[in-house]
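1. Have a look; sequence and predicted model below, questions after that.
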Amino acid sequence: MKVIRSMVLVSVDQASLERGAEEVFHTFLDEIDEFGLSDQIAVATIRDVGFRDDIPLVIVYPDAAVYGPVKPEDVHTIVEEHLHKGNIVPHLLAMMHELAPEIAWMRSRKGALPVQKRIVLERAGIVDPESLEDYVLYDGFQALGKALTQLTPAEVIAEVEKSGLQGRGGAGFPTGRKWSFVASTPGNPKYVICNADESEPGTFKDRLILEGDPFSIVEAMTIAGYAIGAHEGYIYIRGEYPLAYRRIENALRQAEAHGLLGDHIFGTDYSFYIHPHAGAGAYICGEETALIESLEGKRGIPRARPPYPTTYGLFGKPTVVNNVETLANVPPILRNGAAWYRDVGLPKSTGTKVYTILGCVNFTGLIEVPMGITLREVIDIYGKGMKDGKKLKLVQTGGSSGTIVPASLQDTPMDFDSFRNAGVSLGSGALLVCGEDTCVVDLAKVILRFFRNECCGKCTPCRIGTLRLYEIMSQISEGKASLSDLEVMQKISEAMSEVSNCGLGQTASTALRDILKYFREEVEAHITDHVCPVGVCPIAGHSPELILVQQPLHAG
Amino acid sequence: MDPEVKELDIASLVNKAIAEHGATREAVIPILSEINRALGYIPAAALPEIRRHIHVPEEGVFLADSHLYSAASFYQLFSLRPLGRHVIRFCESAPCHVMGGRQVIQALQDELRLEPGETGEDRKWSLLMTSCLGVCGVGPVFLVDDDIYGNATPEQVAEILARYE
């Protein structure tokens, strides 16, 4: 008798067929036969799996495990491990990158990916981001209801402090402490600002939170407002994110219409209003005081600090500025309690972190994992390994202002503490993976050009430093520099990080500093031997191969 | 996008933007955005027009044309001169660069015969460079007007450009 206990679906859309779906399908039939499972397992095809690049896709029900891309040689393992023994094969699972509708599968196969744990992105891709009903159905506004009806503002702050939540914008400042500063600072009115000016190259986590779960930010900002005693909030969304802006506008409208925002929220005495604001394109506006200046209608130029925004913020009033991802953590913390949150991640770096994986890996995209995962794990499990089997050379963590981690340090756990000790920044969560064909001089040049363009021009070390560093690096890439230029760069870089007015100038040369530390020989090769060992830089009159034969170089 | 925008048009645009965003100092950037979106750039004549609405010394609100110029000239999405009918914004940040952005921008330059930052004489195209657009999962990326092209290759460039009149 045939009792089908499991079903295997193989994607056979045009793109999958081009990548060998038919052979995968037949191999499944053969392998299942080999294991004597033909009476228990049905194999079928599925035509439409949406636009993805990890095809052919294989979906196994009832577990709803999604494997991809599946090659014929993977089929044996899936049949033996999953269908025969009943264990999902983690390393063959498809990476649920980008927030395609298919991500809804995630919920039904909870635990299939052992490491990924979703708090911030729990609802993204599952709910309709334009539907308040959907949000409420998935525990939405419970945290706000609890805060307003059961907790005092001080208790809300205490809970956030106890959770150990640290700011996810880059600096890692404890969120609860920031709130309590503003709550205890005299001054009226007070403001809550959500910093959604996500401009760090390689970072798009905030965009996906805003686009995928906009109501959570509305709820979180209202909770923050209640905690610090504010009645008005601003959400500053970068101009390059029009969809995020529309979704937030819609969320604000719906929340207001249902009494979850505006006057007398939940029928209590508390009122809170949120104004959306679209930026107009400036990296520096991610810096909180520049953002405040910009909100006031001026050039986005950072203020001198202190006074910090907690005492002198928007319109000179005490202001909390929180990153999108930070805020997205707040409702789950209040709903489930600080103790629950502390169980995720590490004792000193609690919770999860959202990363974007980019560059030379097989799968690029977004993941949310507990604090403490290593780069090697991220590349192997979620990036599905290096693209085209290339060797890992370096990873830039935290965007263009972030540090360069050479392949030798890829086993350092990624959390605020370990990274700080290793001199690495977690920053915005961008992980730019570079293979052996990346030239560090070329990379440094692009990064320095970015800062030259984005420098606001207010303070001298940054205005002149970013320009000079870019000029020198360009000369190195053309083989026209001298070794003494490296000393000049070192000096400029030190001066910039010590005396620049804001984080932009202080971190603009982080990557350069690390490149000179870990890859100095490769930089010197451009200068002394007039050769780009990787063959990327345009050094005139020299053929890289020719010189390499005479004088092997050991870069890195 | 006509460089000869009539004064009357500017005045009515400013009026409309102020009606929507308010005549306050903090509405300056939304107002400028509105004008930039409508005309493709911010004409110099718009600045005194905006100032007239917001600058009310009797109420202690001071705003000079230079304040407006300083804001209008600071942000990358604003342009102070007319651009082409179609504007390409090419991401020149590191993630797109290491994914092969160099070859794509070269192909764009060859195809359009424009250097970065230039607008063609026929005013059909402007080729602008931009910092990260936040779609790095599919780099290299460039925008043509509001359309995003990801995973771009040099071979696709001619075909993409041909879609625009």
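-> Received the coordinates, thanks. Given the structure is predicted, the values throughout are model-derived calculations rather than measurements.
2. In what element of secondary structure is residue A:66 found?
-> strand A:65-67 (DSSP states H and E).
3. Let me see the residues that make contact with the next helix or strand after that strand.
-> Following strand A:65-67 in sequence order, the next helix or strand is helix A:72-77 (DSSP H and E). With contact meaning Cβ atoms under 8 Å, 6 or more residues apart in numbering or on different chains, helix A:72-77 is reached by A:20, A:23, A:24, A:27, A:28, A:31, A:67, A:89, A:92. (Each C-beta comes from the backbone N, C-alpha and C, glycine too.)
4. Repeat that for stretch B:52-68.
-> Contacts to stretch B:52-68, defined as Cβ under 8 Å, 6+ apart, come from residues A:298, B:14, B:18, B:23-25, B:27-28, B:32, B:47-48, B:50-51.
5. Farthest-apart pair in those residues, please.
-> A:298 and B:14 (18.9 Å; Cβ to Cβ).
6. what about the helices in chain B?
-> Using DSSP state H, the helices of chain B run over residues B:7-21, B:28-39, B:46-54, B:65-72, B:94-96, B:102-112, B:157-161.
7. Highest mean neighbour count out of those helices?
-> Per-stretch averages of neighbours, counted by mean count of other Cβ atoms under 10 Å in any protein chain shown, single out helix B:94-96 among these, with a mean of 31.
8. Give me the packing partners of it, helices and strands only.
-> strand A:430-435, helix A:440-454 (3 or more Cβ pairs under 8 Å, 6 or more residues apart in numbering or on different chains; DSSP states H and E).
9. I'd like the ones you listed laid out as TSV, including mean neighbour count and distance to chain B.
-> Formatted as TSV, these follow (neighbours: other Cβ atoms under 10 Å in any protein chain shown; distance: least, Cβ to the nearest Cβ, whole Å):
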stretch	mean neighbour count	distance to chain B
strand A:430-435	27	5
helix A:440-454	24	5
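10. can you list those in TSV and add mean pLDDT?
-> As requested, those are exported to TSV (pLDDT from 0 to 100):
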stretch	mean pLDDT
strand A:430-435	94
helix A:440-454	96
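11. so can I have TSV of the ones you listed showing distance to residue A:349?
-> Supplementary listing: the helices and strands packed on helix B:94-96 in TSV, determined by distance: least, Cβ to Cβ, whole Å:
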stretch	distance to residue A:349
strand A:430-435	16
helix A:440-454	26
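12. Tell me which of those lies nearest to residue A:331.
-> Smallest distance to residue A:331 across those (Cβ to Cβ): 24.8 Å, for strand A:430-435.
13. dump the residue contacts of residue B:94.
-> A:201, A:202, A:396, A:400, A:432, A:443, A:446, A:447, A:450.
14. Just give the number of residues close to the third one.
-> Other residues near residue A:396 come to 32 when the count uses other Cβ atoms under 10 Å in any protein chain shown.
15. which residue packs closest to it, ignoring adjacent ones?
-> The spatial neighbour of residue A:396 that comes closest, neighbours along the chain excluded (Cβ to Cβ, 6 or more residues apart in numbering or on different chains), is residue A:432 at 4.2 Å.
16. same deal with the last one?
-> Nearest residue to residue A:450 in three dimensions, chain neighbours excluded: residue A:400, at 5.2 Å (Cβ to Cβ, 6+ apart).
17. If I follow the layout properly, the one you found ends up in contact with residue B:93?
-> Yes: counting by Cβ atoms under 8 Å, residue B:93 is a contact partner of residue A:400 at 6.7 Å.
18. pLDDT score for the residue located most distally from the centre of chain B?
-> The outermost residue of chain B relative to its centre, with distances by Cα atoms, centre = their mean, is residue B:58 at 34.8 Å. Note on residue B:58: pLDDT of 92.
19. The one 4 residues further on too?
-> Model confidence at residue B:62, given as pLDDT, is 92.
20. Any idea how many residues pack against it?
-> When neighbours are defined as other Cβ under 10 Å, residue B:62 has 12 of them.
21. next one: residue A:330
-> 30.
22. what residue ranges in the chain score low on pLDDT?
-> Since you didn't name a chain, this refers to chain A. Chain A contains residues with pLDDT under 70 at A:1-2, A:48, A:50-52, A:64, A:95-116, A:540-556.
23. actually it's chain B I care about, not the one you picked
-> Ranges of chain B meeting pLDDT under 70: B:1-8.
24. that older thread, for the contacts of helix A:72-77, pick the one with the most neighbours.
-> That'd be residue A:24 among those, by other Cβ under 10 Å, with 27 neighbours.
25. packing partners for the helix or strand hosting it?
-> Element membership for residue A:24 (DSSP H and E) is helix A:21-34. Identification of packing neighbours for helix A:21-34 by 3+ Cβ pairs under 8 Å, 6+ apart yields strand A:6-11, strand A:41-46, helix A:72-77.
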